[in-house]
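> Next comes the sequence, and after it the predicted model I'd like to discuss.
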Amino acid sequence: MIIVDNSVLSFLYQLDNGVPILPFYTNKLDEELVHLSFYLKCLAENTFMTDIRDHNREAFGLYKLLLED
């Protein structure tokens, strides 16, 4: 399961399942969905990956942000 949201609070108790994105405010140059689509395609095509949470943990490092003072 993957949780995509612009607020980490939405998946605070499931950090490894979360994919953070930048908020969208009518910016016509916004490419966040393009980046998200690329990331999800890479996850889907990686046949060697056994657990998406491991990849998300490495890709986003959200626990490091949580544990910083």
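Yep, that arrived. Residues are numbered from 1 along each chain as shown.
> how long is stretch 40-56 from one end to the other?
Taking CA to CA, to the nearest Å, the first and last residues of stretch 40-56 lie 11 Å apart.
> ditto for stretch 45-56
End-to-end span of stretch 45-56 (CA to CA): 15 Å.
> Contacts for that stretch next, please.
Contacting residues not belonging to stretch 45-56 are listed as 2, 16, 17, 18, 19, 43 [CB atoms under 8 Å, 6 or more residues apart in numbering]. Where you see a C-beta, it was placed from the backbone N, CA and C, and this is true even at glycine.
> Which of these sits closest to residue 35?
residue 19 (10.2 Å; CB to CB).
> Excluding residues flanking it in the chain, which one is nearest that closest one?
With CB to CB, 6 or more residues apart in numbering as the measure, residue 4 is the residue that lies nearest to residue 19, at 4.7 Å, once sequence neighbours are left out.
> How many residues are close by the one you found?
Using other CB atoms under 10 Å as the criterion, residue 4 is surrounded by 15 other residues.
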